[in-house]
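> what's the 3D shape of this:
(one chain, ligands or ions: 1)
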Amino acid sequence: MNEHDPRYDAIIIGAGFAGMYMLKTLRDKGFRAHVYERGTDVGGTWYWNRYPGARCDIESLYYCYSFSEELQQEWQWTERYPSQPEILRYARHVADRFDLRRDISFETNVRAAAFDEQTGRWTVRTDDAEITARFLITAVGCLSATQTPDFPGIGTFRGESYHTGRWPHEEVDFTGKRVGVIGTGSSAIQAIPVIAGQAAQVTVFQRTAQFSIPAQNHPLSPDEQRRVKSDYARLRAEARMTQTGILAERLQRNATEVPAAEFKAELDRRWGIGGTTFTSTYPDTLRDPAANELSADYVRDKIREIVDDPATAELLCPHDHPIGTKRICVDTDYYATYNRDNVSLVDIRRTPISAITPGGLRVGGRDFEFDVIVFATGYDAMTGPLNRIDIRGAGGLRLREKWAEGPRTYLGLASAGFPNLFTITGPGSPSVLSNMIVSIEQHVEWIGEHLEHLRDNGFTRSEAAADAERTWGEHVNAVAAETLYPRAASWYMGANVPGKPRVFMPYIGGVGTYREHCREIADGGYRGFHLT
Ligand code: N01
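From the prediction side, this is the model:
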């Protein structure tokens, strides 16, 4: 079918939280927008990540939209941290409540998109159609391109195998099974305790030990819910102006200036509260190696306290990156799970997995037999979801070629040479360093206003200027260099994907600062964009 369809002002790729809100925003502003989504339903990350124990590590009362007062008041969350099924129910509720599905094509993969200089429109190619629109907006997420290592023999395994990010919709029953888990990032750390509760035997293959903080999850009391909801507007406004979009008690004094006993008492308190804000306690933790080491030591001591076997405890203690510079994990009973008789840990740092075999996998000369292998091996983060689509801008320039040495964007929203393309939570924006919902809402609202500005002023084309993009890229790198983040071989740096350029991809200047910057640019007539 070749459907050159002139009806759409905008095509949106992805029906997760970003795509759904983008659709609603454009519709409300009188634009004709359509969403293409490869899943069978809305939800994005929370549609795909159905692995046991999947849960968000942002509190439920803040991991939800703030754009509708009615919506945020009516939806009742049940736990401090929402489980995947609950978030997916919420996403479906939003789709129903705002009648979004009528403008979403499900089970539709966007393969390619090309900008046509003559018509000034994008042609988007799905599996079986071509559609055109003035604007193309990507809402593809930052962690949606799964990464499965290219182990020799992959595909020969006779048992069941699953990637956490492509988990089946049917329940996977581990009862009586021998399970191998590859990876010890956030996904594995959530899944391992739940799988261990069911399976006959779990063997975890660890390349890099990770710091994890207890979630201290609990049911939300009606009182707690009422308290937040009665003050929602203020709390949300405050969160939008923070570093991460997450409200946290941040101390003024540096960790290195606090007496040891006081430091320990404070971290004991934070450990008791739980969650990702643990590393936000002191302002120098993510900037000063000495301060960082204090928090890292604290967590290593906790691991040694929790894990009975000293050799296993030592193996679980991270030593190769500053705490917080790989995404901090949040868990329920992760370290304690290694005290179970049916769980063992294999260090694959020095001797990596050499092959997947029909019966399991091989490390060095040792064969392991499994019924199930779980690949908790992460994602080609941030650029992967965009580069996997063949996006061609003005003059046929390919986005993945332009980004061969690392992503180049203006504000993480646009890229020179790609007119009328906008990337929600793209590389160069705070995105993964923040509460994604806060960043999504800000980007969607900015793009919506921008398109309105173009329409109201008779412009049909918006393109980031190369010099503005360069200056922004330099700024993104400069603020990252002031922190300890670039010291870790993390997915923020592209280090988990062989051959990927080592560039710190998100913007670490803070969501509040970034929001103000985007606001000023818009108020100044969209400085750094060529509008014609
Ligand atoms: O992926 P990861 P993830 N051989 O990249 C290992 C978000 N998230 O899906 O560290 C052996 O963190 C790899 O080892 P190493 C969150 O932002 C949030 O767990 O590269 N091992 C690592 O241990 C998170 O950060 C939530 O040395 C290999 C693991 O696989 C992001 O998603 C929950 C390997 C991958 O860990 C990604 O998390 C889940 C190889 N060849 C996810 N290749 C919450 O909200 C990779 N590994 C709680």
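> Determine how far stretch 428-445 lies from the middle of the whole chain.
The chain centroid and the centroid of stretch 428-445 are separated by 10 Å under Cα atoms, centre = their mean, to the nearest Å.
> tell me what the longest strand seen in the chain is packed against?
In the chain, assigned by DSSP state E, the strand with the most residues is strand 130-138. Here strand 130-138 touches strand 8-13, strand 110-116, strand 121-126, strand 421-423, going by 3 or more Cβ pairs under 8 Å, 6 or more residues apart in numbering; DSSP states H and E. Just so you know, the C-beta spots here come from the backbone N, C-alpha and C atoms, and that holds for glycine as well.
> so can I have a markdown table of those showing mean neighbour count, distance to R487 and mean pLDDT?
Output for these, formatted as a markdown table (neighbours: other Cβ atoms under 10 Å; distance: least, Cβ to Cβ, whole Å; pLDDT from 0 to 100):
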| stretch | mean neighbour count | distance to R487 | mean pLDDT |
| --- | --- | --- | --- |
| strand 8-13 | 25 | 34 | 98 |
| strand 110-116 | 19 | 36 | 98 |
| strand 121-126 | 22 | 39 | 97 |
| strand 421-423 | 27 | 27 | 98 |
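> Figure out which of these is closest to the ligand.
Among the helices and strands packed on strand 130-138, the nearest to the ligand by Cβ to the nearest ligand atom is strand 421-423 (18.3 Å).
> Could you list every helix and strand in contact with the closest one?
So strand 421-423, by 3+ Cβ pairs under 8 Å, 6+ apart, packs with strand 130-138.
> And the average pLDDT for the strand it packs on is what?
Mean pLDDT, strand 130-138: 97.
> For it, which outside residues touch it?
With Cβ atoms under 8 Å, 6 or more residues apart in numbering as the test, strand 130-138 has contacts from 1-6, 8-14, 22, 34, 113, 115-116, 119-124, 385-386, 389, 420-424, 426, 447, 451, 460.
> Check stretch 69-86 too.
Taking Cβ under 8 Å, 6+ apart as the rule, stretch 69-86 contacts 46, 49-50, 54-61, 63-66, 90, 93-94, 97, 215-220, 225, 229, 232-233, 275, 330.
> hmm, back to that, show me what the helix or strand just after the longest strand of the chain is in contact with.
Reading on from strand 130-138 to the C-terminus, the next helix or strand found by DSSP states H and E is strand 160-163. Here strand 160-163 makes contact (Cβ under 8 Å, 6+ apart) with 51, 146, 148, 168, 172, 371-377.
> Kindly export strand 160-163 (C-alpha atoms) in CSV.
C-alpha atoms of strand 160-163 as CSV (Å, rounded to 0.1, in the frame of the first residue of the first chain):
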residue,chain,number,x,y,z
GLU,A,160,13.3,-21.4,27.3
SER,A,161,15.1,-18.0,27.1
TYR,A,162,13.8,-14.5,27.8
HIS,A,163,15.1,-11.0,27.7
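> Sheet-wise, list the partners of that strand with their directions.
Its sheet considered, strand 160-163 pairs with strand 372-375 (parallel) by DSSP bridges.
> chain center to the partner strand: distance?
The chain centroid and the centroid of strand 372-375 are separated by 22 Å under Cα atoms, centre = their mean.
> Can it be said to contact the ligand?
No: Strand 372-375 lies out of reach of the ligand by Cβ under 6 Å from any ligand atom, never closer than 8.0 Å.
> pLDDT averaged over stretch 78-98, what's the number?
Mean predicted confidence for stretch 78-98 is 98.
> And for stretch 495-514?
97.
> do it and the ligand meet?
Yes: for stretch 495-514, a contact with the ligand is found by Cβ under 6 Å from any ligand atom, at N496.
> Pull the distance from that stretch to the chain's centre.
Centroid separation between stretch 495-514 and its chain, computed with Cα atoms, centre = their mean, is 12 Å.
> What residues of it count as buried?
496-497, 500, 503-514 (16 or more other Cβ atoms under 10 Å).
> Same check on stretch 157-167?
157, 159-165, 167.
> One more: stretch 34-44?
Buried-residue list, stretch 34-44, by 16+ other Cβ under 10 Å: 34-38, 41-44.
> Using PDB, list the CA coordinates for that stretch.
C-alpha atoms of stretch 34-44 as PDB (Å, rounded to 0.1, in the frame of the first residue of the first chain):
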ATOM      1  CA  HIS A  34      -1.500   9.900  14.600                       C
ATOM      2  CA  VAL A  35       0.500   7.400  16.700                       C
ATOM      3  CA  TYR A  36       2.200   4.200  15.400                       C
ATOM      4  CA  GLU A  37       3.000   1.700  18.100                       C
ATOM      5  CA  ARG A  38       4.600  -1.800  17.700                       C
ATOM      6  CA  GLY A  39       2.900  -3.300  20.800                       C
ATOM      7  CA  THR A  40      -0.700  -4.400  20.900                       C
ATOM      8  CA  ASP A  41      -1.500  -1.800  23.500                       C
ATOM      9  CA  VAL A  42      -0.300   1.500  25.100                       C
ATOM     10  CA  GLY A  43       2.200   1.600  28.000                       C
ATOM     11  CA  GLY A  44       5.700   1.500  26.300                       C
END
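> what does that stretch contact?
Here stretch 34-44 has contacts from 8, 10-20, 22-23, 47-48, 87-88, 91-92, 94-95, 100-101, 103-110, 124, 126, 131, 133, 139, 141, 144, using Cβ under 8 Å, 6+ apart.
> Specify which member of the buried residues of stretch 34-44 is nearest to the ligand.
G44 (12.5 Å).
> average pLDDT for stretch 307-323?
98.
> Also stretch 431-448?
Rounded mean pLDDT across stretch 431-448 is 98.
> just how off-centre is it within its chain?
With Cα atoms, centre = their mean, you get 12 Å for stretch 431-448.
> How about the nearest residue to I447 once chain neighbours are set aside: which residues does it bridge to?
Nearest residue to I447 in three dimensions, chain neighbours excluded: F422, at 4.8 Å (Cβ to Cβ, 6 or more residues apart in numbering). Beta bridges link F422 to I137 when assigned by DSSP bridges.
> what does the stretch 301-450 of the chain have sitting close to the ligand?
So the stretch 301-450 of the chain meets the ligand at 327, 330, 348, 352-353, 376-379, 432 (Cβ under 6 Å from any ligand atom).
> Just the closest residue of the stretch 351-500 of the chain to the ligand, please.
G378 (2.5 Å).
> Which element, helix or strand, includes V179?
V179 belongs to strand 178-182, assigned by DSSP H and E.
> Only the C-alpha atoms, please, for that strand, written as CSV.
Taking Å, rounded to 0.1, in the frame of the first residue of the first chain, the C-alpha atoms of strand 178-182 are listed here in CSV:
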residue,chain,number,x,y,z
ARG,A,178,17.1,-24.6,36.9
VAL,A,179,17.4,-20.9,35.9
GLY,A,180,20.5,-19.0,34.7
VAL,A,181,20.3,-15.2,35.0
ILE,A,182,22.8,-13.1,33.0
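> tell me what the helix or strand just after that strand is packed against?
Scanning forward in sequence from strand 178-182 by DSSP H and E, the next helix or strand is helix 186-196. Of the remaining helices and strands, those touching helix 186-196 by 3+ Cβ pairs under 8 Å, 6+ apart are strand 178-182, strand 201-206, strand 329-331, strand 372-375.
> Start and end of stretch 113-120, how far apart?
13 Å (Cα to Cα, to the nearest Å).
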